[in-house]
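# coordinates for the following, if possible.
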Amino acid sequence: MTHIPGGALSPADPRLDALILAAGKGTRMPSPRPKVLQTLVGESMLGLVYAALAALPGVERVLTLVGYEADLVRAEAERCARRGPRPDEAANCIEQVEQRGTGHALMTALPELENGCGRVLVVNGDTPLLPSAALRRFVTEAAGADLAFATLRLDDPGAFGRVVRDRVGQVAAIVEAKDYDEARHGREPHEINAGVYLLNVDAARRLLPKLTNDNKSGEYYITDLVALAVAEGMSVLGLPVEADTDAWLGVNTPAELAVAEESLRRRRAAELLASGVILHSPGAIRVSLFAEVEPGAELFGPCEIYGDSRVAAGALIESHCVLRNAVVGAGARVRSFCHLEDAVVGAACQVGPYARLRPGAVMEEESHAGNFVEMKKARLGKGSKANHLTYLGDAEVGPGVNVGAGTITCNYDGRNKHRTVIGAGAFIGSNTALVAPVTVGESALVGAGSVITKDVPAETLAVGRGRQVNVPRRKG
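You can find the predicted model right below:
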């Protein structure tokens, strides 16, 4: 790897690793979940940070430092890796068994970083709104420095670390708020540390052994590396970032989480409108950053579209619908109060109102799943209809089938799930119970109110109910 005088890496080499600090509990977020797993518009803070870093030019690896509830955070990092540009690669997680500060976190990660690119971008896992363009600019401007960090100017610096500069404006140190002493450090500045760093790994290796925890928190601070680097004559840059100040700051409380989530929701709605998606009541529409909604699709608020959902051009999603990892084809209409999860709705289909498509549900083109219809691991063939009060579970329904109101596939025998197969053109009368495993052949007719426990051959009539008996009504 090419080096330049002073130990800094050559700016001609754009490669770097990225390290997410995600080991903390987040004591100001009163939740049993780690703070980085709190969600904004259906996505974890860790997932949003991971995606921002994975999309940066030159990033070779995204590493995640885990600690509190490490298994939960590691599982989310694995999910993020599968969603990234190299889905076949496993997540790179490093466990910080004891959480003794951000400097200790970097010490823990150093052995893995020494096997990487020689530069590392360090960010906090609780900064879900990091602006991609500004982050790219920061990385570009920081090229060649031994240590660079992003800074912001705030009217009220609050609890953030203060940036101390010398008389000519060069960075001298970062001092944590609780340790700042005007008698020692000078008049308190309004420039604060934004918590994003780009470090030369060789420089970090030299500086980290000199860190101490001689401060009011008794922790090892990554911010103390700045003064140490200056003392060593290294190249140190404090780079002001102007765009979207709040986006650089961490989310620590429920109130801050709510503000950040609304900011993200507005940003996403603006992107969709600009792309040509039609939004009715956009202030009540929530669409994940990872969901794809094509121009010409039409959404009515309130509605929620999460995960890796895809909505094709010409599709219409009415109000009060929730989609999670669902695909809706061109020209399909999802009526109000429908829930779709890990389901596929083909082109020109009709769904709902009040339909529920559970994981594994597939509606082929021009099929209908109407009001109070539930599907799970079931396929509804082209042009088939189940318009009312029906449950299709573990079922294969061929094309052109009519499923009458109140029909259910009895797929569970108390121990195992079994499949129901309905052939093309069959007609299933209302209030029919199909006790799986069972097959109804093509163009067969099942009488209303039947309980079908045996296969029905093609082009036959099946009636499975007791014979009607009329008796005189007793009086008095």
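
# where does the stretch 251-400 of the chain have low pLDDT?
For the stretch 251-400 of the chain, not a single residue meets the criterion pLDDT under 70.

# where do the helices sit along it?
Assigned by DSSP state H, counting those that start in this stretch, the helices in the stretch 251-400 of the chain fall at 254-275.

# and the strand or helix carrying I94, what other elements does it pack with?
Using DSSP states H and E, I94 falls within strand 92-95. Secondary-structure packing of strand 92-95 (3 or more Cβ pairs under 8 Å, 6 or more residues apart in numbering; DSSP states H and E): strand 59-66, helix 70-83, helix 102-113. The way it works is simple: take the backbone N, C-alpha and C, and place the C-beta from them, glycine included.

# can you say which of those is packed in most?
strand 59-66 (a mean of 23; mean count of other Cβ atoms under 10 Å).

# distance from the chain centre to it, please.
17 Å (Cα atoms, centre = their mean, to the nearest Å).

# repeat for stretch 231-250
Averaging C-alpha positions (Cα atoms, centre = their mean) puts stretch 231-250 27 Å from its chain's average.

# for the longest strand along the chain, the averaged confidence score.
Using DSSP state E to define each element, the chain has its longest strand at strand 191-200. The average pLDDT within strand 191-200 is 92.

# re earlier: between the helices and strands packed on strand 92-95, which gets nearest to K454?
helix 70-83 (44.0 Å; Cβ to Cβ).

# contact partners of the closest one?
Residues outside helix 70-83 that contact it (Cβ atoms under 8 Å, 6 or more residues apart in numbering) are 22-23, 33-34, 36-37, 44, 46-47, 50-51, 54, 62, 64, 66-67, 87, 89-93, 95, 290, 308.

# now the buried members of those.
22-23, 33-34, 36-37, 44, 46-47, 50-51, 54, 62, 64, 66-67, 91-93, 290 (16 or more other Cβ atoms under 10 Å).

# name the element V120 belongs to?
If you go by DSSP H and E, V120 is part of strand 119-124.

# just checking: what are the partner strands of that strand?
strand 16-22 (parallel), strand 191-200 (antiparallel) (DSSP bridges).

# in TSV: the ones you listed, plus distance to N215.
Below are the strands paired with strand 119-124 laid out as TSV (distance: least, Cβ to Cβ, whole Å):
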stretch	distance to N215
strand 16-22	18
strand 191-200	15
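
# for R335, find the nearest of those strands.
It is, among those and with distance given as Cβ to Cβ, strand 16-22, at 40.4 Å.

# I'd like the average pLDDT over that closest one.
Averaging pLDDT along strand 16-22 yields 96.

# do the same with stretch 223-234
Model confidence over stretch 223-234 averages 94 on the pLDDT scale.

# please enumerate residues in contact with it?
6-8, 102-103, 106, 146-147, 149, 161, 170-176, 193, 199, 203-204, 206-208, 210-212, 236, 238.

# now for A269: which residues touch it?
Taking Cβ under 8 Å, 6+ apart, one finds 279, 282-283, 285, 287 in contact with A269.

# now do the SS call for Y220.
With DSSP: H, G, I helix; E, B strand; the rest coil as the basis, Y220 sits in coil.

# which residues does stretch 162-173 contact?
For stretch 162-173, contacts defined as Cβ under 8 Å, 6+ apart pick out 151, 174-177, 180, 185-186, 188-189, 191-193, 226-227, 230, 236-238.

# can I get the buried part of these as one ChimeraX selection?
Buried subset of these, written as a ChimeraX selection, criterion 16+ other Cβ under 10 Å:
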select :151,174,175,176,180,189,191,192,193,226,227,230,236,237,238
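
# filter the contacts of stretch 162-173 down to the ones in strands?
Checking these against DSSP E, those in strands are 151, 174-175, 191-193, 236-238.

# show me which pair in the residues you listed is furthest apart.
Every pair of the ones in strands among the contacts of stretch 162-173 checked by Cβ to Cβ; the farthest is V175 and L237, at 17.5 Å.

# where's the residue most central in space within the chain relative to F149, distance?
Most central in the chain under Cα atoms, centre = their mean is E43, positioned 3.1 Å from the mean C-alpha point. Per Cβ to Cβ, to the nearest Å, E43 is found 26 Å from F149.

# same question, R79
Per Cβ to Cβ, R79 is found 29 Å from F149.

# how about R265?
Using Cβ to Cβ, one gets 30 Å for the distance from R265 to F149.

# between these two, point out the one with more neighbours.
For R265 versus F149, neighbours defined as other Cβ atoms under 10 Å are more numerous around F149 (27 against 18).

# just to check, that one is in contact with E191?
No - using Cβ atoms under 8 Å, F149 is not in contact with E191, being 11.1 Å away.

# what residues are shared contacts of these two?
Joint contacts of F149 and E191 (Cβ under 8 Å, 6+ apart) are G238.

# before we move on, the earlier item: what would the ones in strands among the contacts of stretch 162-173 look like in TSV with distance to E341?
Below are the ones in strands among the contacts of stretch 162-173 laid out as TSV (distance: Cβ to Cβ, whole Å):
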residue	distance to E341
T151	43
I174	46
V175	49
E191	47
I192	42
N193	41
V236	50
L237	47
G238	46
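
# closest to R136 among the residues you listed?
The nearest one, if we look at the ones in strands among the contacts of stretch 162-173 relative to R136 and count by Cβ to Cβ, is L237, at 16.0 Å.

# for A243, give me the pLDDT.
Per-residue confidence (pLDDT) for A243: 64.

# so which of the strands paired with strand 119-124 is nearest A347?
strand 16-22 (39.7 Å).

# what angle do that closest one and strand 59-66 make?
Angle, strand 16-22 to strand 59-66, by axes from the mean of the first three to the mean of the last three Cα atoms, to 10 degrees: 20 degrees.

# chain center to strand 16-22, what's the gap?
Centroid displacement of strand 16-22 relative to its chain, using Cα atoms, centre = their mean, is 18 Å.

# angle of that strand against helix 70-83?
140 degrees.

# got a list of contacts for strand 16-22?
Contacts of strand 16-22 (Cβ under 8 Å, 6+ apart): 34, 36, 46, 49-50, 53-54, 56, 58-67, 73, 77, 102, 105-106, 109, 113, 116-117, 119-125, 139, 198.

# what packs against the following helix or strand past that strand?
Remark: after strand 16-22, the chain's next helix or strand is strand 39-40, criterion DSSP H and E. Secondary-structure packing of strand 39-40 (3+ Cβ pairs under 8 Å, 6+ apart): helix 254-275.

# who's in contact with the closest residue to P34 other than its chain neighbours?
The shortest distance from P34 to any non-neighbouring residue, by Cβ to Cβ, 6 or more residues apart in numbering, is to E69 (4.8 Å). Residues in contact with E69, defined by Cβ under 8 Å, 6+ apart, are 25, 33-34.

# so in terms of bridging, what pairs with E69?
For E69, the beta-bridge partners under DSSP bridges are G67.
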